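# This is the structure alone, sequence omitted:
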């Protein structure tokens with residue numbers, strides 16, 4: 001059930017069979033010279049839409065901005081603060097809760113550390129606030145890396161590399177502009193630097209050259225399967 005395409009009566013009918021909403025969080029962030037700025041958003045939304053074909057599930061419109069620290073000096077990256085991100089997810093979950101939703105899957109296509117922690121912190125605070133809420137905060141990239149261990153060839157692939165390039169080659173091949181050189185940046189240990197691009201010039205962390213559309217298809221299937229598992233567990237009330 002893709003919420004932005006539904007009517008009021010359709011939502012009302014949907015709430016009789018499903019109390020779970022999937023909220024995709026993305027980012028407007030550089031992904032090398034070959035992938036679109038919306039890569040994280042595309043992946044998160046694509047997984048939700050695919051999962052909704054397999055199990056009753058409300059899929060919210062994606063949130064296309066995130067907190068991006070390591071890439072904030074790269075052209076095209078537009079970042080919001082963690083405070084804004086926390087406020088957005090908390091407002092959305094409260095509103096869905098008022099509508100009768102009791103289960104939330106917040107899946108983020110952007111895997112930045114501060115970004116992920118902001119979503120998790122907000123989720124913990126919402127659990128204290130909303131007595132019937134069950135919530136999962138999941139990083140899409142980490143699911144793909146974990147489930148695709150036997151498929152991904154690149155050690156420590158992390159950003160715009162084999163995994164993400166494969167995913168976009170599969171779902172949105174027209175948006176892939178060739179490839180980028182493999183890159184493994186190294187930031188100074190413990191030191192916070194202003195010019196992060198000086199340590200990460202190409203904006204890639206991994207090897208896009210090892211990507212294939214076939215890998216992307218299988219990785220997406222594996223992530224969707226895990227999301228479906230989550231939906232069923234939350235709907236069954238397995239976690240309190």
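Yep, it's here. Because the structure is a prediction, the values reported are computed rather than measured.

# ok, residue 36 to residue 76 distance?
Distance, residue 36 to residue 76, by Cβ to Cβ, to the nearest Å: 9 Å. Where you see a C-beta, it was placed from the backbone N, CA and C, and this is true even at glycine.

# buried stuff in the worst-scoring helix or strand of the chain on mean pLDDT?
Among the helices and strands of the chain, helix 140-147 carries the lowest confidence by mean pLDDT, DSSP states H and E, at a mean of 81. For helix 140-147, the neighbour count (16 or more other Cβ atoms under 10 Å) marks 140, 141, 143, 144, 145, 147 as buried.

# Could you quantify the relative orientation of the helix or strand following it and helix 140-147 as an angle?
The C-terminal neighbour of helix 140-147 among helices and strands, as given by DSSP states H and E, is helix 162-171. Orientation check (axes from the mean of the first three to the mean of the last three Cα atoms, to 10 degrees): helix 162-171 against helix 140-147 gives 100 degrees.

# Please report phi then psi for residue 104.
Torsion angles at residue 104 (phi, psi; degrees, to the nearest 10) stand at phi -130, psi 130.

# and for stretch 174-184, what are the contacting residues?
The contact list for stretch 174-184, computed with Cβ atoms under 8 Å, 6 or more residues apart in numbering, reads 32-36, 42, 154, 156, 160-161, 165, 168-169, 200-209, 211.

# Oops, could you answer that again for stretch 228-238 instead?
Contacts to stretch 228-238, defined as Cβ under 8 Å, 6+ apart, come from residues 18-20, 22, 51, 54-57, 103, 105, 134, 136, 138, 239.

# Most neighbours of all the residues you listed, which one?
Neighbour counts for those (other Cβ atoms under 10 Å) peak at residue 22, which has 27 neighbours.

# Can you name the residues that contact that one?
Residues in contact with residue 22 (Cβ under 8 Å, 6+ apart) are 48, 51, 52, 57, 58, 59, 60, 105, 107, 227, 231.

# do residue 71 as well
Counting by Cβ under 8 Å, 6+ apart, residue 71 touches 29, 30, 77, 196, 200, 203.

# OK, contacts around the spatially closest residue to the fourth one that is not a sequence neighbour?
Take residue 196 and drop its neighbours on the chain: the residue closest to it by Cβ to Cβ, 6 or more residues apart in numbering is residue 73, 5.1 Å away. Taking Cβ under 8 Å, 6+ apart as the criterion, residue 73 is in contact with 194, 195, 196, 197.

# Pick out the most distant pair among those.
Maximum pairwise distance among the contacts of residue 73 (Cβ to Cβ): 9.9 Å, between 194 and 197.

# more crowded one of the two?
Legend: neighbour count by other Cβ under 10 Å for residue 194 and residue 197, higher for residue 197 (19 against 8).

# Is the more buried one located within a helix, as I assumed?
Yes - under DSSP: H, G, I helix; E, B strand; the rest coil, residue 197 sits within a helix.

# Do you have the strands of the chain handy? List them.
Remark: strands assigned in the chain by DSSP state E are 20-25, 58-59, 103-108, 134-139.

# Throw the ones you listed into TSV and include distance to residue 69 and mean pLDDT, thanks.
Shown next, in TSV, are these (distance: least, Cβ to Cβ, whole Å; pLDDT from 0 to 100):
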stretch	distance to residue 69	mean pLDDT
strand 20-25	16	98
strand 58-59	28	98
strand 103-108	15	97
strand 134-139	16	95
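
# okay, the angle between the helix ranked longest in the chain and strand 20-25?
When the chain is parsed with DSSP state H, its longest helix is helix 213-235. Interaxial angle, helix 213-235 versus strand 20-25 (the same axes, to 10 degrees): 140 degrees.
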